[in-house]
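Colleague: below are the sequence and a predicted model; questions follow.
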Amino acid sequence: MDLTHYIAGPYCTKLLSGLGADVVKIEHPTRGDGVRWLGPFASGNPDILPNSPLEKRDTAPEDGAWFLYLNTAKQSVALDLQSSEGRRVLLEMAAKAHILIENFAPGQMESLGLSYAELQKVNPALVMTSISNFGQTGPYRDWKASELNLYALGGLMNITGEPEQEPLKEGMPLAQLGAGQNAFAATMAGLMYAEETGEGQQIDLAIAEYATNILENALMQFSYSGQEYNRVGNRGYGRAAWGIYPCLDGHVGIIAGPDHRWPEVARIMEREELSDPRFLSRSGRLENADEVDAYMLPFLVENNKVDIFKAGQDSGLGFSFVATMKDILEMEQLLDRDYFVDLDHPVAGKLTYPGAPIMPEVGVNAWVFERAPLLGEHTASALHSWLGYSDRQVSELVDQGVITQSKGA
């Protein structure tokens, strides 16, 4: 049972559906998941306003990029949880489920009469994972947050950016996607326990705490030394010739270590000055960082990123390059491994998707690739298969406004 919306919860259930779980996504009968309203849209429709009041959103878009990505291989059931009949149907479905994932604000499930205590009455073995900004308890429990808040309050923003400038946020919603991944792992552990003991449990997962969990050694450093972990920007980890640099057609990552391989950098870049004994050690390069950069830059800005990347790798150096989306879609490594998947959607058309986060053994289908559902596309089929409802019972719920079905269903 997928009672999630936007990013963190849907990413958790995307991992479940990808691994073959029968995931039924419960959506509002007309508005659907809020992430349906986040573009870009395959149609290029400029009239979809995600910030308009919810009550004025009559027909949910079907072609938003975020929804299409996060909800692959799921079934959509359009069910009104504000109605008593809708809650009755939900409880009937929960009685048949192994897992229920939700990311409503803390207390909202209780206000709907769907608290874990109520769900346990119909299914004692149910594992319910609750994802929220700050957790189900504590003084911040009911506070609102966006990715900006979560990334900042979790501590990651404090160590992201250039040393003398303001803190920065990651380009993508790392805190929410990472929390969804943690929720997936915790849910699987809860499921294993339920299968062994017959006892379910509610898992409380806070998105902001995920961010704190991946602070590398910054928190530990402060705990034993009292020293803050400073932002290091593109000159990573206090090293010189170690970071992101401009090149002819973009940017490259130069990793000039270990020390005994430094002469290879001078050879690749054809700058004898880089062989100066002052630069042979990490401390020497750091002390003379600006001079080292000045010697490297002419070679970098005259060569393209892929050639620089391959030259470093061929010499045993961990060079890389900053790949654009076009670079990724054309990357020989990914193409050789048949990484990408094309899925055809009735509204959005054929789109290329990232492949599975695991590479299965040859001949083994370890990941389910199916397009994201239309709103309410599986309402009738899920009620038939999960609850054994007849066509008449489904029609009655439609007439009452408790459920809706997509036009394509």
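Modeller: Everything's here; your move.
Colleague: show me what the helix or strand harbouring residue 9 is packed against.
Modeller: Using DSSP states H and E, residue 9 sits within helix 8-18. Applying 3 or more CB pairs under 8 Å, 6 or more residues apart in numbering; DSSP states H and E, one finds that helix 8-18 contacts strand 2-3, helix 65-70, strand 99-102, strand 127-132, helix 174-197. C-beta coordinates here come from the backbone N, C-alpha and C atoms, glycine included.
Colleague: using a markdown table, lay out the ones you listed together with mean pLDDT and distance to residue 38.
Modeller: Putting these into a markdown table (pLDDT from 0 to 100; distance: least, CB to CB, whole Å) gives the following:
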| stretch | mean pLDDT | distance to residue 38 |
| --- | --- | --- |
| strand 2-3 | 98 | 18 |
| helix 65-70 | 97 | 5 |
| strand 99-102 | 98 | 20 |
| strand 127-132 | 98 | 18 |
| helix 174-197 | 97 | 12 |
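Colleague: in a markdown table: these, plus distance to residue 83 and mean neighbour count.
Modeller: As requested, the helices and strands packed on helix 8-18 are exported to a markdown table (distance: least, CB to CB, whole Å; neighbours: other CB atoms under 10 Å):
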| stretch | distance to residue 83 | mean neighbour count |
| --- | --- | --- |
| strand 2-3 | 15 | 27 |
| helix 65-70 | 24 | 21 |
| strand 99-102 | 18 | 24 |
| strand 127-132 | 21 | 26 |
| helix 174-197 | 28 | 19 |
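Colleague: of those, give the one that comes closest to residue 15.
Modeller: Residue 15 lies closest to helix 174-197 among the helices and strands packed on helix 8-18, at 4.4 Å (CB to CB).
Colleague: now the element after the closest one, going C-ward?
Modeller: Using DSSP H and E, the next helix or strand after helix 174-197 towards the C-terminus is strand 201-206.
Colleague: what's the closest non-adjacent residue to the residue nearest the centre of the chain?
Modeller: Residue closest to the average C-alpha location in the chain (CA atoms, centre = their mean): residue 177, at 2.7 Å. Spatial nearest neighbour of residue 177, chain neighbours left out: residue 11 (5.4 Å); criterion: CB to CB, 6 or more residues apart in numbering.
Colleague: for the chain, which segments count as strands?
Modeller: Using DSSP state E, the strands of the chain run over 2-3, 24-27, 75-79, 99-102, 127-132, 201-206, 242-247, 250-255, 320-321, 341-345, 349-353, 403-404.
Colleague: include distance to residue 300 when you put these into JSON lines, please.
Modeller: Listed next are these as JSON lines, based on distance: least, CB to CB, whole Å:
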{"stretch": "strand 2-3", "distance to residue 300": "47"}
{"stretch": "strand 24-27", "distance to residue 300": "47"}
{"stretch": "strand 75-79", "distance to residue 300": "49"}
{"stretch": "strand 99-102", "distance to residue 300": "46"}
{"stretch": "strand 127-132", "distance to residue 300": "43"}
{"stretch": "strand 201-206", "distance to residue 300": "42"}
{"stretch": "strand 242-247", "distance to residue 300": "5"}
{"stretch": "strand 250-255", "distance to residue 300": "7"}
{"stretch": "strand 320-321", "distance to residue 300": "11"}
{"stretch": "strand 341-345", "distance to residue 300": "35"}
{"stretch": "strand 349-353", "distance to residue 300": "31"}
{"stretch": "strand 403-404", "distance to residue 300": "57"}
